[in-house]
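In: Need the 3D shape of this:
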Amino acid sequence: MIDVVMPQMGESIVEGTLTKWLKKPGERVERDEPIFEISTDKVDTEIPSPAAGTLSEILVEEGKTVGINTIVARIDEAGTGAKPKAEEPAAPPPPQVEAPKTPAPPQAEAPKAATPVPAPAEPTPEAPSAAETPADPAGPLSPLVRKLAREHNIDLGRVKGTGAGGRITKYDVEAYVSQVGAQPVAPPVAAPPAPASQPAAPPPVPQPVVSAPPPPPPAPVAAPATPLPPAGVAKTRIEPLSTMRIKIAEHMVMSKRTSPHVTTIHRVDMTKVAKMRERHKGQFQANYGFSLTYLPFVVRASVVALRQFPLLNASLDGNNIVYHNEINIGIAVALENGLIVPVIRAADEKNVLGLQRSVVDLAARARSRQLKPDEVQGGTFSITNFGSFGSLMATPVINQPQVAIMGIGTVDKTPVVIDDAIAIRSICHLSLSFDHRLIDGALADQFMSKAKQVLEGWSEEVL
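Out: Here you go, the predicted model:
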């Protein structure tokens, strides 16, 4: 028997939540085939099987949080351990069918009633096959995926799988539902009230035309007419937080409780970087197959500043300062249902090209849930690029146990005064949230000034 354990998904992670089993007891599993899903505050991913064989038993149920290295299941390499267990549950049904046959003599119809019962039981499992059939080409499906497909009336043949081997996961189905919406379910509910809503709508429409005061009443009357289904539905909807969202919330609260946050914001003239990027982005895309963004330039400037001010690359352990010899930059990546911070290791050894390649690779694998556990741990300094969503500036929360995090605002063309003349420059606001227990404002501003100096005087080539 091979023990399957809860893996350690980060140096500061001591437990994980088993969110979904992808295999059932008695089913065959291959080595490195995804066997269950877990969720922590750092990663939400599928865990591969450590060996090939038959899943003999499951020791931890879905939704339970257990410590790392806890045995969650066992695999029988011989492939025979779980087969008798799968046959045993089939034994009880026959005696139950025979039991009604004993009292049958007084009632001749009783056995006949028992015979039709098994008949509907057989089509029942076949009913879901409508949703399963189109999904077969996409690979094996978990029961949850099949259930979601039936609930939302989804043709799984239209859903693109991001799991191992193109397998469709629950996240793919949820993403498809969020994009397409629950349109198949809405029409049947909205159809009956439709005739009632149409006659109700015309009366309020003429009122606003006749006089100015009536406009407020028609708006509320027209609003309920569109979502008529809510007539018998509650005004609120409650759903539990996802495991990842709960862990993120706990981590953020812990960070605010642990570190006295202070934020300094510097305005940076990114004109030289913007011109170089504009000059090379076409050739860069053609040569390497991905775009050249502002992010690797800021990472590169941060690395230079961290070399000069190593205290911002340190961490606190009680009353001790831990200086890290490596510069590992965590890059915040937004997911559909949360946030994850994969790490660029030895960032000080990479140029702009290497940093951009690492950013693209980590972000793509983070969104497809293919990150490895060691790729979300060991960060010494973090950067979040909220400017990609149009934000000018923000005050990010420190990613513990680090002592600082840099935020990048959007790069905008802005009129500025240079030598008493107005000029148009590409301006960006960089913010630095730092732990005031270890770092003072003067040191934080010196660090930011160094990063600003590198960006404003940029001369390093990118090709």
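In: Please count neighbours and contacts with C-alpha atoms only from this point.
Out: OK.
In: chain center to stretch 304-322, what's the gap?
Out: Between the centre of stretch 304-322 and the centre of its chain there are 30 Å (Cα atoms, centre = their mean, to the nearest Å).
In: which residues sit against it?
Out: If you take Cα atoms under 8 Å, 6 or more residues apart in numbering as the criterion, stretch 304-322 is touched by 323-324, 327, 348, 380-381, 401-404, 438-439, 447-448, 450-451, 454.
In: Mind listing what's buried along it?
Out: Neighbour-count burial for stretch 304-322, counted by 16 or more other Cα atoms under 10 Å, picks out Val304, Ala305, Leu306, Arg307, Phe309, Leu311, Leu312, Asn313, Ala314, Ser315, Leu316.
In: Redo the residues you listed as TSV? Include pLDDT, secondary structure and distance to Val359.
Out: Formatted as TSV, the buried residues of stretch 304-322 follow (pLDDT from 0 to 100; DSSP: H, G, I helix; E, B strand; the rest coil; distance: Cα to Cα, whole Å):
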residue	pLDDT	secondary structure	distance to Val359
Val304	97	helix	18
Ala305	98	helix	20
Leu306	98	helix	19
Arg307	97	helix	21
Phe309	98	coil	24
Leu311	97	helix	25
Leu312	97	helix	22
Asn313	98	helix	20
Ala314	97	coil	23
Ser315	96	strand	24
Leu316	95	strand	27
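In: Sheet-wise, list the partners of the particular helix or strand that has Thr264 in it with their directions.
Out: Take DSSP states H and E as the rule and Thr264 turns out to sit in strand 261-269. The pairing partners recorded for strand 261-269 under DSSP bridges are strand 421-435 (antiparallel).
In: thinking again about what came up before, can you tell me which of the buried residues of stretch 304-322 lies closest to Leu144?
Out: Within the buried residues of stretch 304-322, distances to Leu144 taken as Cα to Cα reach their minimum at Ser315, with 41.5 Å.
In: who does that closest one bridge with?
Out: For Ser315, the beta-bridge partners are Val322, Gln402 (DSSP bridges).
In: what bits of the stretch 151-300 of the chain have low per-residue confidence?
Out: Counting by pLDDT under 70, the stretch 151-300 of the chain has low-confidence residues at 164-165, 181-232.
In: which one's the longest helix in this protein?
Out: Identified as the longest helix of the chain according to DSSP state H is helix 271-288.
In: if we can go back for a sec, can you flag the buried ones in the contacts of stretch 304-322?
Out: Listed as buried from those are 324, 327, 348, 380-381, 401-404, 438, 447-448, 450-451, 454; burial here means 16+ other Cα under 10 Å.
In: Among the contacts of stretch 304-322, which lie within helices?
Out: Secondary structure defined by DSSP H assigns Phe447, Met448, Lys450, Ala451, Val454 of the contacts of stretch 304-322 to helices.
In: Same list as before, the residues you listed that is, but in CSV and with distance to Ile168 and pLDDT included.
Out: Converted to CSV, these look like this (distance: Cα to Cα, whole Å; pLDDT from 0 to 100):
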residue, distance to Ile168, pLDDT
Phe447, 46, 98
Met448, 45, 98
Lys450, 47, 97
Ala451, 43, 97
Val454, 45, 97
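In: show me where the stretch 351-463 of the chain has strands.
Out: Remark: strands assigned in the stretch 351-463 of the chain by DSSP state E, counting those that start in this stretch are 381-384, 404-408, 412-418, 421-435.
In: Alright, I will stop here.
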